[in-house]
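Undergrad: With the sequence up front, the predicted model follows.
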Amino acid sequence: MSEKVVVIYSGGMDSFTVLNKAVQQGYEVYALSFNYGQRHVKELKVAEDVCRNLGVNHKIVDISAINQLIGGSSLTDNIDVPEGHYEEESMKSTVVPNRNMILLSLAVGYAVSLKANKVYYGAHSGDHAIYPDCRPEFVKKMDDVCRIANYEEIEIVCPYLNESKIEILADGLKMGLDYGQTWTCYNGREKACGKCGACQERLEAFEINQAQDPLPYEV
């Protein structure tokens, strides 16, 4: 019987690559997506379609009530989404307070209930400067805690923690993945905006990998 793992799957290109890596490694994958009150749920619809096509177990959990407690992010509140590269100071407005600690805690609980022993998520080196809950030291501490928080030891796994989105895409292309099955843009319109930090980083990754992004863009 295959080993069970939980993958936190947003529908974006990083978690899409992590999901497929876990599947191709032969794990019995349980994908877990969250509606935490983000501006749009287009990513979640994309995630649902991908999991159905892969035959992967998938849950979408509504935790949007947490927005009564954690606000101030342009991804959840009525604040304009900044445009430009992630390195720009304005991108800090996209931080959702304590998001990954909350999501990881829920995913670990799910893993325990499934008798899985690993939780995967898609933090990478490009996130370190902006998102505190994607830094290696955060992942290490969360891994330490999640190994002792239950009778069952759960490992936190970030396959791309020390790699960039450019390297993630390169690996995914080698795996033969179709990134037309992902959604990255912070705006949930018909086409990706091409201007927000998420789009900028994605487009840069495709350009450096000398590949064509299959998503349609407004610009």
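TA: Perfect, thanks for sending it. Residues are numbered from 1 along each chain as shown.
Undergrad: Distance-wise, check Ala111 relative to Glu48.
TA: If you measure Ala111 against Glu48 using C-beta to C-beta, to the nearest Å, the figure is 21 Å. C-beta here means a position set from N, CA and C on the backbone, and glycine is covered the same way.
Undergrad: Distance from stretch 149-167 to the middle of the chain?
TA: Taking C-alpha atoms, centre = their mean, to the nearest Å, the mean C-alpha location of stretch 149-167 is offset from the chain mean by 12 Å.
Undergrad: between Ala111 and Glu48, which one's more packed in?
TA: Ala111 (24 against 17; other C-beta atoms under 10 Å).
Undergrad: Find the residue closest to the more buried one in space, skipping its chain neighbours.
TA: The spatially closest residue to Ala111, leaving aside those adjacent along the chain, is Val6, at 4.5 Å (C-beta to C-beta, 6 or more residues apart in numbering).
Undergrad: Can you name the residues bridging to the one you found?
TA: When bridges are called by DSSP bridges, Val6 pairs up with Tyr30, Val119.
Undergrad: How about the contacts made by it?
TA: Val6 makes contact with 29-32, 107-108, 110-111, 114, 116, 118-120, according to C-beta atoms under 8 Å, 6 or more residues apart in numbering.
Undergrad: please redo it, this time with the cut-off set to 10 Å
TA: Listed by C-beta atoms under 10 Å, 6 or more residues apart in numbering, the contact set of Val6 reads 22, 27, 29-32, 57, 59, 104, 106-114, 116-121, 154, 157.
Undergrad: So which of those residues sit within helices?
TA: Ala22, Leu104, Leu106, Ala107, Val108, Gly109, Tyr110, Ala111, Val112, Ser113, Leu114 (DSSP state H).
Undergrad: which residue sits closest to the fourth one, ignoring its sequence neighbours?
TA: To tie it back to what came earlier, the one meant is Ala107. With C-beta to C-beta, 6+ apart as the measure, Val119 is the residue that lies nearest to Ala107, at 4.6 Å, once sequence neighbours are left out.
Undergrad: Any idea how many residues pack against the one you found?
TA: Going by other C-beta under 10 Å, the residues that sit close to Val119 add up to 29.
Undergrad: now swap in Ser105 and tell me
TA: 16.
Undergrad: my read: it touches Ala149, true?
TA: Yes - taking contact to mean C-beta atoms under 10 Å, the distance of 8.3 Å between Ser105 and Ala149 places them in contact.
Undergrad: List the residues that are in contact with both of these two.
TA: Each of Met142 lies in contact with both Ser105 and Ala149 under the rule C-beta under 10 Å, 6+ apart.
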